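Asker: Mind looking at a prediction? Sequence and model below.
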Amino acid sequence: MRTQAVAGIVFANSHDENLEPLTRVRSMASVPIGGRFRLIDFALSSFVNAGITNVGILVKSNYRSLMDHIENGVSWDLDRKIGGIRILPPFNEKGMRRYEGYIEALYGAIDFIKRCNSDNVVLYDGCVVGNFDLTSAIAFHNEKQADVTVLYKMIENYRNDIGAMTFSYNLEGRITDAAFPKVFKGRAATSFGVMIFKRDVLLPLLKNAYEMGLKHIEKDVIAENLSSLKVYAFEHKGFAAVMDSEDAYCKANMALLMREVREDLFTKERPVYTKIRDDMPTRYGLSSKIGNSFVADGCVIEGTVKNSILFRGVKISKGAVVENCILMQGVTVGENANVSYVVSDKNAKIGKGIRINGKENKYIFIEKDKIM
C-alpha cells in the first residue's frame, strides 16, 4: 500500500461538551490519559503504524494545548516535507459563524482532502482510545471495493451519550440497517467514530451534505445512503473506549491498571507514541506504600497510593492516602490528606489534612490550578 494512498483526519474537538471538567481549557484530543499520554496519541499512532503520514487535525477551539503537544509531529515521525501533520483551524468566510457538526468541520477542510492525493481518507474521532489495526481495515476496505468501511466493536448494554451508530450487517460484512438508540440492552455492533471513505465518494457526499445543512456523518450521510453506498463493517476485537462521559473517562483510565488491557493496547507490533519529556525518576520515601498504580517520572511519593494513575511531577506528602484517583501533572497532595475517587487537573493543590472522597460511579473533578 502506497503511503500516500491513504490520508487521515482527526476531529480534535469531538464531543468536548461530554467531558467539560477537562475540556474547558483544552480540546478533547489533548485530554491527558494513562499517566503520560493524550487522547490524540492513539489516533496518530494508529495512523503511522499503518503507514499513513498525511494527517490533518481539525480543530475548533481551545487547541493551544494540542499544538504544544503535537509541535511539528516529530514524536510520531510526521515532520515531513511531503505529507506530515497539519493543524486545520476553522475556516470562516466573511459573515460566517464558526462551524457546527462534523459536516461543516470537514467542509472547512475540503481543500486538504482534495490536495491529499489519496485514494482513501480515514476519519478518526478524537475522543477514542484504542490501538486499531488500520492496515488490516484498509486492506479489507479495498478488497470489498467499499465506498465506506466503519470500524466497530460489539458492545453490551450501552448508554449512547454521543449518538453512536449501531447496525446490522450481512454475511459479507455489508451494513444493511442502522439505528441511533439512546440506550440499548443486549449486544450490538457499535461504531466508535473511526471510518474509511473512498476520497472520490467522500467529496461529493460532503458537498451535498453541506449544501443541505446536514450535521452528522453517520446519521445524515451513511445511514441515509445504505442502499446506494457500499458500506461495510470491520470489527475491532481489542480494547476500545469512547470518552462520551465523565464516567467513561474514569473507567478507561482505571482499565489501564488491568494487565490484559495494557497488553492489548500497548503492543510491540503497533506502538503507541507520545511526546517525550525528560525528567528525573520518581522518588519514593521510606514510609511510602504503592499498589497497582501507574506512576510517571518526576513524582515524589512519601504517602500511600493505591489503584491510581499519577502523571509527571505529582507529589504525595507524608501520611497522605490516595486511592482510585487520577492526578495530572504537578498535583500536590498535602500531609495526612485523604483522597479517593478524584480526578484532579494539572497543578491543583490539595492541602494538609483535607478529605475529598468521591464514589466509584461518581468521581469528583478538581479544576486546573485549584487550591483546596
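Answerer: Arrived safely.
Asker: What about residue 100, how many residues nearby?
Answerer: 11 (other CB atoms under 10 Å). (Glycine included, C-beta is placed from N, CA and C.)
Asker: That one reaches residue 216, doesn't it?
Answerer: No. Under the criterion of CB atoms under 8 Å, residue 100 is not in contact with residue 216, lying 10.6 Å apart.
Asker: what's the longest strand along the chain packed up against?
Answerer: Longest strand in the chain by number of residues, with DSSP state E as the criterion: strand 183-198. Packed against strand 183-198 by the contact rule (3 or more CB pairs under 8 Å, 6 or more residues apart in numbering; DSSP states H and E) you find strand 120-125, strand 128-130, helix 134-143, strand 148-159, strand 166-169, strand 240-242.
Asker: Sketch out the low-pLDDT regions of this structure for me.
Answerer: Applying pLDDT under 70 to the chain picks out residues 1-4, 91-99.
Asker: Could you name the residue of it that is farthest from its center?
Answerer: Most distant residue from the mean C-alpha position of the chain: residue 286, 37.6 Å away (CA atoms, centre = their mean).
Asker: what residues are up against that residue?
Answerer: By CB atoms under 8 Å, 6 or more residues apart in numbering, residue 286 lies in contact with nothing.
Asker: helix, strand or coil for it?
Answerer: With DSSP: H, G, I helix; E, B strand; the rest coil as the basis, residue 286 sits in coil.
Asker: Quick check: the gap between it and residue 54.
Answerer: Look at residue 286 and residue 54: by CB to CB, to the nearest Å, they are 53 Å apart.
Asker: Now render the helices and strands packed on strand 183-198 as JSON lines, adding mean neighbour count and distance to residue 248.
Answerer: Output for the helices and strands packed on strand 183-198, formatted as JSON lines (neighbours: other CB atoms under 10 Å; distance: least, CB to CB, whole Å):
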{"stretch": "strand 120-125", "mean neighbour count": "26", "distance to residue 248": "13"}
{"stretch": "strand 128-130", "mean neighbour count": "24", "distance to residue 248": "10"}
{"stretch": "helix 134-143", "mean neighbour count": "19", "distance to residue 248": "23"}
{"stretch": "strand 148-159", "mean neighbour count": "19", "distance to residue 248": "9"}
{"stretch": "strand 166-169", "mean neighbour count": "18", "distance to residue 248": "17"}
{"stretch": "strand 240-242", "mean neighbour count": "24", "distance to residue 248": "6"}
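Asker: Let me have those in TSV, adding distance to residue 309 as columns.
Answerer: Listed next are these as TSV, based on distance: least, CB to CB, whole Å:
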stretch	distance to residue 309
strand 120-125	23
strand 128-130	13
helix 134-143	27
strand 148-159	23
strand 166-169	31
strand 240-242	14
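Asker: of all the ones you listed, which lies closest to residue 182?
Answerer: Among those, strand 148-159 comes nearest to residue 182, with 7.6 Å by CB to CB.
Asker: Quick check: neighbours of that closest one in the sheet, parallel or antiparallel?
Answerer: Strand 148-159 has the following strand partners under DSSP bridges: strand 183-198 (antiparallel), strand 231-235 (parallel).
Asker: Pick the most deeply packed of these.
Answerer: Highest mean neighbour count of these: strand 231-235, a mean of 21 (counted as mean count of other CB atoms under 10 Å).
Asker: Going along the chain, name the helices of this protein.
Answerer: Along the chain, the segments classed as helices by DSSP state H run 20-23, 39-49, 64-70, 101-108, 110-115, 134-143, 199-211, 246-255, 259-265.
Asker: Out of these, which one sits most buried?
Answerer: helix 39-49 (a mean of 25).
Asker: Quick one: list the elements packing against that helix.
Answerer: strand 6-11, strand 54-58, helix 64-70, strand 120-125, strand 128-130, helix 134-143.
Asker: if I look at the residue nearest to residue 370 when sequence neighbours are not counted, how far off is residue 334?
Answerer: Nearest in space to residue 370, with sequence neighbours left out and distances taken as CB to CB, 6 or more residues apart in numbering, is residue 348 at 4.5 Å. Distance, residue 348 to residue 334, using CB to CB: 11 Å.
Asker: same question, residue 351
Answerer: 5 Å.
Asker: Residue 168 now?
Answerer: 54 Å.
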